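>>> okay, here's the prediction I keep looking at, along with the sequence it came from:
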Amino acid sequence: MRLAYSTVFVFVPIPMFPSHVSPHVFFFMVVLLVSALIAWLVWENVALTVERIEVPVEALSPEFDGFRIAQVSDLHGQRFDPAGREAQVIMNAGVDLIAVTGDFVHGNHIVGLRRILPFMRKLVSIAPVYAVSGNHDHWTNWPYIAAGLKGVGVTVLENSHVRIKRGTQEIVLAGVSCPHSRHGSLAQALPLQTVVPVVPVVLLVHAATWFEPWHRVKAPAEIKQVALTLAGHTHGGQVKLPFLGAVTTASGHLFPPKKYVEGLSRQGNGWLYINRGLGQGGRAFRFLSRREITIITLRRTSAPVGST
Ligand SMILES: [Fe+2]
């Protein structure tokens with residue numbers, strides 16, 4: 001107890017009461033400071049960031065140069081107004097398809113499905129929506145959730161792929177069930193040799209754990225066919241410290257490099273993008289890790305794509 005007291009005494013700057021400031025003014029300043037702090041914390045949890053990125057893809061045909069994907073992730077059973085900013089942002093971006101990378105519900109509460117379906121129905125009215133499962137969906141009741149999504153027009157990719165065509169050209173959109181479940185199989189979604197090498201592949205997966213160097217399960221060989229992987233799951237770390245970044249990954253790895261928490265990075269032959277999600281998750285609190293919708297534009301490049 002004595003140590004704790006002296007630690008606090010040494011390291012915490014104690015606000016000094018300035019003699020020339022009246023107690024009323026000082027009290028008002030403290031209230032103002034605390035109110036600003038609370039407002040900032042609330043804002044960190046409700047603010048929506050729109051990240052716009054361009055991804056150079058080798059062998060992309062001219063027909064797909066400028067192809068635009070909106071990525072949404074980790075809704076966690078929260079209600080999003082179909083007429084709200086989230087849908088508006090996607091509508092205004094003029095996207096060609098919408099990718100939703102799992103965690104539709106949260107913590108075994110199937111009631112979350114009812115909350116998110118009006119928003120999903122709205123997304124379907126904007127552009128074709130493709131989805132994969134997250135770990136929370138499997139913990140809850142994935143077959144029931146998948147049926148609900150299909151019911152409003154979402155195409156659920158469960159270890160499968162579809163071909164998106166423009167004229168005579170195409171790209172492949174593949175999706176695997178959450179790698180944290182026992183059902184995720186890239187080999188099934190994207191069998192080697194079945195995809196013509198010149199056709200770019202975009203992969204949807206909830207968790208990018210295959211790419212984490214500390215993770216025991218490495219990416220399967222089929223990943224070599226993938227030009228761009230879109231993932232979520234991390235919530236951007238959910239709570240970050242200034243200058244130090246995310247404290248932990250969802251799997252408990254302390255102070256992970258940023259590229260395994262959020263944003264775009266080069267991984268092997270392809271790109272990985274990790275979205276911070278729209279919902280809050282179990283800790284129900286975000287700090288310096290704002291909610292996100294990503295607008296991704298594919299760009300044709302003839303030059304080999306370098307590392308970041
Ligand atoms: Fe999540």
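Yep, it's here.
>>> the ion contacts on the stretch 1-150 of the chain?
Within reach of the ion by C-beta under 5 Å from the ion, the stretch 1-150 of the chain has these residues: 74, 103. Glycine gets a C-beta too; all of them are placed from N, C-alpha and C.
>>> quick one: low-confidence residue ranges for the stretch 1-150 of the chain.
1-18 (pLDDT under 70).
>>> mind listing the strands for it?
48-58, 68-72, 97-101, 129-132 (DSSP state E, counting those that start in this stretch).
>>> tell me which residues in the longest one are buried?
Think strand 48-58. The neighbour-count check on strand 48-58 (16 or more other C-beta atoms under 10 Å) flags 51, 55-57 as buried.
>>> can you put these in a markdown table and add distance to residue 143?
Converted to a markdown table, the buried residues of strand 48-58 look like this (distance: C-beta to C-beta, whole Å):
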| residue | distance to residue 143 |
| --- | --- |
| 51 | 32 |
| 55 | 33 |
| 56 | 38 |
| 57 | 34 |
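>>> who are the packing partners of the helix or strand containing residue 292?
If you go by DSSP states H and E, residue 292 is part of strand 291-301. Judged by 3 or more C-beta pairs under 8 Å, 6 or more residues apart in numbering; DSSP states H and E, the packing partners of strand 291-301 are strand 48-58, strand 68-72, helix 85-92, strand 228-231.
>>> walk me through which strands it pairs with, and which way each runs.
Note on strand 291-301: by DSSP bridges, its sheet partners are strand 48-58 (parallel), strand 68-72 (antiparallel).
>>> gap between that strand and the chain center?
Strand 291-301 has its C-alpha centroid displaced from the chain centroid by 13 Å (C-alpha atoms, centre = their mean, to the nearest Å).
>>> that one versus helix 85-92: what angle between them?
20 degrees (axes from the mean of the first three to the mean of the last three C-alpha atoms, to 10 degrees).
>>> ok, the nearest residue to residue 227 once chain neighbours are set aside - contacts?
The shortest distance from residue 227 to any non-neighbouring residue, by C-beta to C-beta, 6 or more residues apart in numbering, is to residue 200 (4.2 Å). Counting by C-beta atoms under 8 Å, 6 or more residues apart in numbering, residue 200 makes contact with 57-60, 64, 171-172, 227-228, 298.
>>> distance check, residue 200 against residue 300.
Look at residue 200 and residue 300: by C-beta to C-beta, to the nearest Å, they are 10 Å apart.
>>> what does residue 174 give?
Relative to residue 300, residue 174 is positioned 20 Å away (C-beta to C-beta).
>>> between those two, who's got more neighbours?
The residue with more neighbours, out of residue 174 and residue 300, is residue 174; 25 against 17, by other C-beta atoms under 10 Å.
>>> so what touches whichever strand or helix holds the more buried one?
Element membership for residue 174, per DSSP H and E: strand 169-175. If you take C-beta under 8 Å, 6+ apart as the criterion, strand 169-175 is touched by 60-64, 67, 97, 99, 130-132, 156-164, 186, 189-190, 195, 199-205, 226, 298.
>>> ok, of the residues you listed, which come out buried?
Buried members of those, counted by 16+ other C-beta under 10 Å: 60-61, 64, 67, 97, 99, 130-132, 156-162, 164, 186, 189-190, 195, 199-205, 226, 298.
>>> among those residues, which are in helices?
186, 189 (DSSP state H).
>>> for the most centrally placed residue in the chain, give its distance to the ion.
Nearest to the mean C-alpha position of the chain, by C-alpha atoms, centre = their mean, lies residue 275 at 2.4 Å. Counting by C-beta to the ion, to the nearest Å, the gap from residue 275 to the ion is 10 Å.
>>> if I read this right, that residue contacts residue 71, doesn't it?
Yes. Using C-beta atoms under 8 Å, residue 275 is in contact with residue 71, at 5.1 Å.
>>> between those two, which contacts overlap?
101, 230, 232, 294.
>>> could these go into a markdown table alongside neighbour count?
Putting those into a markdown table (neighbours: other C-beta atoms under 10 Å) gives the following:
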| residue | neighbour count |
| --- | --- |
| 101 | 30 |
| 230 | 27 |
| 232 | 33 |
| 294 | 25 |
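>>> compute the inter-axis angle for the longest helix anywhere in the chain and strand 291-301.
In the chain, assigned by DSSP H, the helix with the most residues is helix 23-46. Interaxial angle, helix 23-46 versus strand 291-301 (the same axes, to 10 degrees): 50 degrees.
>>> can I get helix 23-46 in PDB? Just the C-alpha atoms.
Extracted in PDB, the C-alpha atoms of helix 23-46 (Å, rounded to 0.1, in the frame of the first residue of the first chain):
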ATOM      1  CA  PRO A  23     -12.300  28.300  -6.600                       C
ATOM      2  CA  HIS A  24     -15.400  28.800  -8.800                       C
ATOM      3  CA  VAL A  25     -13.300  29.300 -11.900                       C
ATOM      4  CA  PHE A  26     -11.100  26.400 -11.000                       C
ATOM      5  CA  PHE A  27     -14.100  24.100 -10.400                       C
ATOM      6  CA  PHE A  28     -15.600  25.200 -13.800                       C
ATOM      7  CA  MET A  29     -12.300  24.500 -15.600                       C
ATOM      8  CA  VAL A  30     -12.200  21.000 -14.100                       C
ATOM      9  CA  VAL A  31     -15.800  20.300 -15.100                       C
ATOM     10  CA  LEU A  32     -15.100  21.600 -18.600                       C
ATOM     11  CA  LEU A  33     -12.000  19.300 -18.900                       C
ATOM     12  CA  VAL A  34     -13.900  16.200 -17.700                       C
ATOM     13  CA  SER A  35     -16.800  17.000 -20.000                       C
ATOM     14  CA  ALA A  36     -14.500  17.300 -23.000                       C
ATOM     15  CA  LEU A  37     -12.800  14.000 -22.000                       C
ATOM     16  CA  ILE A  38     -16.200  12.200 -21.800                       C
ATOM     17  CA  ALA A  39     -17.300  13.800 -25.100                       C
ATOM     18  CA  TRP A  40     -14.000  12.600 -26.800                       C
ATOM     19  CA  LEU A  41     -14.500   9.100 -25.500                       C
ATOM     20  CA  VAL A  42     -18.100   8.900 -26.700                       C
ATOM     21  CA  TRP A  43     -17.000  10.300 -30.100                       C
ATOM     22  CA  GLU A  44     -14.300   7.600 -30.400                       C
ATOM     23  CA  ASN A  45     -17.100   5.100 -30.100                       C
ATOM     24  CA  VAL A  46     -19.600   6.600 -32.500                       C
END
